[in-house]
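J.: Okay, predicted coordinates and the sequence, questions at the end:
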Amino acid sequence: MTSIADLRKSYERAELDENASDANPLKQFELWLGEAIAAEIPEPNAMTLATVAGNLRPSTRVVLIKGFDARGIVWYTNYDSRKGRELAGNPFAALQFHWVELERVVRIEGRVEKVSEAESDAYFHSRPLDSRVGAWASPQSEVISGRTVLVANAAKYAAQFLLQPPRPPHWGGYRLVPDEWQFWQGRKSRLHDRLRYSLQADGQWLRERLAP
């Protein structure tokens, strides 16, 4: 077995120059996300979400981006889950996209807010039926005695709601409103390209190169 200390890769696919990157981080993100989708890499919409609990212990999990615009980055989940509880106590979070095949990472930090109920309703009703039932069936992050609990709950709510399950009151969207973006492009000899965009008091973005 190869030692994990000996696992190495030379990053040589592309470069990221501050003069060629967009001055608006959202537009740069849109470009990179579009390229990740076009490259047909597995789950280009997957992102790691980091939150911090009241005891200052951080936690991470993978969620899926479901929308983005000038207001921020949107995903949906159970508000009563661990991440929901942590965001209720500390409404700041970080997101990270890692597109391995493109040798790229995007990091985003900012304040998190709930999306409107109308937005949550619209997205919920666009989901497949089994996913809508699953939102009722899973007491996310709670201890359960076995998978049979989930199966029984799914059967219960499927029978109760038939083809029209409403959005659960404990389920909906979050929006991270960015105040910092980082774009990382792997380069040879570990001399990676790394650009940071920081939101200034006047609403403009300051673009700077960081050492990798």
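T.: Received, thanks.
J.: I figured residue 125 hits residue 165, correct?
T.: No. In this structure residue 125 lies outside contact range of residue 165 using Cβ atoms under 8 Å: 9.2 Å. Yep, even glycine has a C-beta here, placed from its N, CA and C like the rest.
J.: Comparing those two, which shows the higher neighbour count?
T.: residue 165 (21 against 12; other Cβ atoms under 10 Å).
J.: need the contact list for the residue nearest to the spatial centre of the chain.
T.: Among the residues of the chain, residue 47 comes closest to the average C-alpha position under Cα atoms, centre = their mean, at 3.7 Å. Going by Cβ atoms under 8 Å, 6 or more residues apart in numbering, residue 47 touches 62, 63, 64, 65, 73, 75, 95, 96, 97.
J.: burial of the fifth one, as a residue count?
T.: For residue 73, the tally of surrounding residues (other Cβ under 10 Å) stands at 24.
J.: Check whether it really touches residue 65, as I assumed.
T.: Yes. Between residue 73 and residue 65 there is a contact at 6.0 Å, judged by Cβ under 8 Å.
J.: Okay, now the sheet partners of the longest strand along the chain, with direction.
T.: If each strand of the chain is counted by residues according to DSSP state E, the longest one is strand 171-185. Strand 171-185 has its sheet partners listed here by DSSP bridges as strand 72-78 (antiparallel), strand 104-114 (antiparallel), strand 193-199 (antiparallel).
J.: from these, which stretch is densest packed?
T.: strand 72-78 (a mean of 20; mean count of other Cβ atoms under 10 Å).
J.: Other residues contacting that one?
T.: Around strand 72-78, the neighbours that count as contacts under Cβ under 8 Å, 6+ apart are 47, 49, 63-68, 83-84, 95, 108, 110, 115, 119-120, 123-124, 135, 138, 140-141, 168, 170-178.
J.: Just the buried ones out of these, please.
T.: Buried members of the contacts of strand 72-78, counted by 16 or more other Cβ atoms under 10 Å: 47, 49, 63, 65-66, 68, 83-84, 95, 108, 110, 115, 119-120, 123-124, 135, 138, 140, 168, 171-176, 178.
J.: how about the helix or strand hosting residue 96: buried residues?
T.: Secondary structure assignment for residue 96, by DSSP states H and E: strand 92-99. Of all the residues in strand 92-99, those buried under the rule 16+ other Cβ under 10 Å are 93, 94, 95, 96, 97, 99.
J.: now do the same end-to-end measure for stretch 133-150.
T.: 11 Å (Cα to Cα, to the nearest Å).
J.: pLDDT (mean, whole number) over it?
T.: Here stretch 133-150 scores 95 as its mean pLDDT.
J.: And stretch 177-197, by the same measure?
T.: 96.
J.: That stretch: end-to-end distance?
T.: Using Cα to Cα, the two ends of stretch 177-197 sit 14 Å apart.
J.: Run the chain-centre distance for it.
T.: Between the centre of stretch 177-197 and the centre of its chain there are 17 Å (Cα atoms, centre = their mean, to the nearest Å).
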